[in-house]
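K.L.:
Pasting the sequence and the predicted model now:
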Amino acid sequence: MKRMARNRRLTGLILSVVLAAAGYLAFSLWAGWREVLAVFRQVEGPGLAVLLGLSLTNYLLRFLRWQLYLTALGHRPPVGLSALIYFAGFALTTTPGKAGEMLRGVFLKARGMPYVSSTAAFVSERLSDVVAVALLALAGVGRLYPPGEPLVKYGLAAIAAGLVLLAGAGRLRRWHDKLQRHPGRLLRFGRHLLGLVLDTRQCHHPLLLPPATGLGLLAWFAEGYAFYLLLHWLGYDAIDLVIACAIYALAMLAGAVSFLPGGIGGAEAAMTLLLLWVGVGQADAVAATLLIRLTTLWFAVALGAVALLAGGKALNRPPQPLPQSP
């Protein structure tokens with residue numbers, strides 16, 4: 001059974017890579033593959049290392065936030081094991097809504113962490129990512145599209161209201177406690193659902209919200225900065241850091257809204273169109289889009305695959321229960 005599940009995960013990963021490669025090839029042919037290849041050659045080895053380093057910074061900062069969530073939920077996994085589990089989830093990030101990253105919950109469940117808690121940490125991570133990326137996008141919306149400037153204050157107000165709602169527990173805790181005293185399959189589902197909401201709110205405790213949001217913002221800024229450097233190396237000095245981060249963030253939001261595996265297709269199309277909007281040449285826009293996606297999304301998939309393969313013994317050995325937070 002475990003082998004079949006592992007084979008299904010591997011098949012899904014290979015299929016997503018093949019489909020993405022075919023899509024990227026078609027994308028390059030549309031722009032002119034010789035021109036795209038010439039742009040790729042402009043980014044030398046040291047530049048590629050910088051892009052990958054900034055992507056790795058993103059993943060490490062998000063891992064620190066993940067640790068904060070697990071600790072808030074009452075679990076203290078060893079840092080090394082927790083990092084291995086966290087990065088292994090990236091192997092399945094090319095799934096709709098990145099749901100495949102919930103593979104982490106399987107490894108954590110074997111070590112005593114309920115699925116409700118690991119799912120709450122996953123949901124909290126996605127919410128924090130949306131907040132961070134939306135803030136980066138809002139910072140440059142008015143510059144990209146001046147008539148959209150009024151949307152900034154409404155967007156900020158909506159984010160603030162959502163975080164305030166998540167930060168409280170209130171009446172839901174009492175409902176959850178009442179349902180605990182009653183049997184029944186439907187009521188059990190209600191208890192699990194309320195438990196998920198309560199655990200998610202625990203991850204958004206007022207004391208935890210500032211550092212978690214700050215880590216998320218810094219993490220996604222690192223990739224936005226990588227995108228800015230890439231455009232600068234291609235000769236587009238007129239695109240400043242705010243605009244570059246906004247284009248990158250809007251593309252990530254477009255990919256998330258599309259609900260396509262890993263946002264593949266939606267993010268690339270939005271990023272290319274926005275680059276064309278600000279005056280980037282067609283071949284340069286396609287090359288910049290493909291290169292930044294290779295050094296972010298696909299770099300994460302590669303790290304996840306390495307974590308699964310290299311850490312197989314540690315992940316599959318008879319687990320020990322996780323230490324509980326006091």
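P.N.:
Thanks, I have it.
K.L.:
Do you have the helices of the stretch 201-326 of the chain handy? List them.
P.N.:
Listed in chain order, the helices found in the stretch 201-326 of the chain under DSSP state H, counting those that start in this stretch are 209-233, 241-258, 266-277, 282-294, 297-310, 312-316.
K.L.:
any idea of the mean pLDDT for the last one?
P.N.:
Right, the one you point to is helix 312-316. Here helix 312-316 scores 68 as its mean pLDDT.
K.L.:
Over to the fourth one?
P.N.:
Taken as a whole, helix 282-294 has a mean pLDDT of 88.
K.L.:
what about dumping the CA coordinates of that helix to PDB?
P.N.:
Extracted in PDB, the C-alpha atoms of helix 282-294 (Å, rounded to 0.1, in the frame of the first residue of the first chain):
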ATOM      1  CA  GLN A 282       8.300  39.700 -25.900                       C
ATOM      2  CA  ALA A 283      11.300  37.400 -26.000                       C
ATOM      3  CA  ASP A 284      12.700  39.100 -22.800                       C
ATOM      4  CA  ALA A 285       9.400  38.800 -21.000                       C
ATOM      5  CA  VAL A 286       9.100  35.100 -21.800                       C
ATOM      6  CA  ALA A 287      12.700  34.400 -20.900                       C
ATOM      7  CA  ALA A 288      12.400  36.300 -17.600                       C
ATOM      8  CA  THR A 289       9.200  34.500 -16.700                       C
ATOM      9  CA  LEU A 290      10.600  31.000 -17.500                       C
ATOM     10  CA  LEU A 291      13.900  31.700 -15.700                       C
ATOM     11  CA  ILE A 292      12.300  33.000 -12.500                       C
ATOM     12  CA  ARG A 293       9.800  30.100 -12.400                       C
ATOM     13  CA  LEU A 294      12.700  27.600 -12.900                       C
END
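K.L.:
Same question for that helix: list its buried residues.
P.N.:
Of the residues in helix 282-294, 283-294 count as buried by neighbour count, 16 or more other C-beta atoms under 10 Å. Every residue, glycine included, has its C-beta placed from N, CA and C.
K.L.:
With distance to residue 77 as new columns, can those be given to me in a markdown table?
P.N.:
Converted to a markdown table, these look like this (distance: C-beta to C-beta, whole Å):
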| residue | distance to residue 77 |
| --- | --- |
| 283 | 46 |
| 284 | 44 |
| 285 | 42 |
| 286 | 42 |
| 287 | 40 |
| 288 | 38 |
| 289 | 36 |
| 290 | 36 |
| 291 | 35 |
| 292 | 32 |
| 293 | 31 |
| 294 | 31 |
